[in-house]
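*Asks:* model this:
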Amino acid sequence: MKKIILYGEFIEQSTTGIAYINSCLRQALLYFKNEVSVISEPRVKDYNKEKVIINRNFYIKEFFNIFFKIIRSSKKDISFITLSQGKLGLIKTLIIVLILCIKTERIFLYIHRGDLNNDYFGSFYKKILIGLIIKLSYNVIFLSSSFIDKKISKRNKNKFIVIPNALNKSDTKKSKKLFNKKVKIGLHSHKKILKLIYCGNIQSQKGIHEIIKSVKLVNEKHKDLRFTLDIYGMCFEEFEYVPDLIEYKGILTYKNRLEIMHQYDLLVIASKSEGMPMILIESLAIGLPFITTKVGAIPELIGPNYPYICKSNYKSIMKNIEKFFFNYRFNEESILELINLNHQNFNKNFQYINYFKNINKIIQ
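*Replies:* Model prediction:
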């Protein structure tokens, strides 16, 4: 049994993909009978405000309390910490890592985003801090081998490892029931209203404004059809509402997330940068088709021949919505085949048991 400190966001307070995977990590560590001490990231206080533009606060007082809490704690075998890639976040991460160097024998640094290389090579300030944090860490966990730049890995040799994201045990069981229900019910391809869902941070980087524009235009173009868009997520920017067409539904929690997603016909995301988004793994699992950009580790999630790939602009998104609807209405077999292939992909690559085994292997 190992004594472990786990620092970060968790799904009790946050709806981010990072929070989900940290919670899955906690489950994996407990599953193998380790002693786990959890320290929550103070910034999760920002993440429970619906219909309010979120400001990124630093919470200096709370961070100092965390520093002292770790210092006062007994010595542990292992610690896990997420890398914050913002300028202030890197300073915070470095300070915590320095303290953990004293309080734990091995530090595992978790990289959840896919743009580390851009930050590392794009800013001398970030390059110095990220390089130092990596040097102090025992291992660095990436979601995908494609995130590991050869120039960085040469300097760190065997320090980098890859562990893909996965659904936890309860969501895996839930997704199986929802998938079977989807296959049994079918598509109802005669419907004249297609229900679209967006789930993610509401900010330009995620392509939300382009998605909204594409939905408006596709409705103007096809007067005999209707494409509605429900938006779920944390608001970092203002965005456009259109009553009965484009509506904000608040923050989608993990308590009923899969059941709500299951009610829709199509997920649309158009991110300019990504890690390995949980929303796509969830969609694979429950049989929800999706339109997506091909950034970050998304190519590894969907394979080489996924038919609904867009760019992060409204024309490309609109084109894919129309393509999907044509197949939905006139080529139902292709959609059902896609749903089944996606589910097979999930079963093979993104179930919790593989994640649990990978985590147990690295901490031995």
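*Asks:* Helices along the stretch 201-350 of the chain, start to end?
*Replies:* For the stretch 201-350 of the chain, the helices defined by DSSP state H, counting those that start in this stretch cover 208-221, 257-261, 278-286, 298-302, 314-330, 332-349.
*Asks:* Columns mean neighbour count on top of these, output as a markdown table?
*Replies:* All C-beta spots, glycine's among them, are computed from the backbone N, C-alpha and C. Listed next are these as a markdown table, based on neighbours: other CB atoms under 10 Å:
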| stretch | mean neighbour count |
| --- | --- |
| helix 208-221 | 20 |
| helix 257-261 | 19 |
| helix 278-286 | 26 |
| helix 298-302 | 20 |
| helix 314-330 | 18 |
| helix 332-349 | 16 |
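*Asks:* Could you point out which of those sits nearest K76?
*Replies:* Comparing the helices of the stretch 201-350 of the chain against K76 with CB to CB, the closest turns out to be helix 278-286 (27.8 Å).
*Asks:* And that closest one, what does it pack against?
*Replies:* Counting contacts by 3 or more CB pairs under 8 Å, 6 or more residues apart in numbering; DSSP states H and E, helix 278-286 packs against helix 17-31, helix 169-185, helix 257-261, strand 266-268, helix 298-302, helix 332-349.
*Asks:* roughly how far out does that helix sit from the chain middle?
*Replies:* Relative to its chain's centre, helix 278-286 lies at 10 Å (CA atoms, centre = their mean, to the nearest Å).
*Asks:* That helix relative to helix 17-31, how many degrees between them?
*Replies:* Angle between the axes of helix 278-286 and helix 17-31 is 60 degrees (criterion: axes from the mean of the first three to the mean of the last three CA atoms, to 10 degrees).
*Asks:* how much space between the closest residue to N156 other than its chain neighbours and I111?
*Replies:* What sits nearest to N156 in space, not counting adjacent residues and going by CB to CB, 6 or more residues apart in numbering, is I134, at 6.2 Å. I134 sits 9 Å away from I111, taking CB to CB, to the nearest Å as the criterion.
*Asks:* which neighbours do those two share?
*Replies:* V140 (CB atoms under 8 Å, 6 or more residues apart in numbering).
*Asks:* Assign a three-state SS to the nearest residue to L30 once chain neighbours are set aside, would you?
*Replies:* Nearest residue to L30, sequence neighbours excluded (CB to CB, 6+ apart): V36, at 5.8 Å. Following DSSP: H, G, I helix; E, B strand; the rest coil, V36 is assigned to strand.
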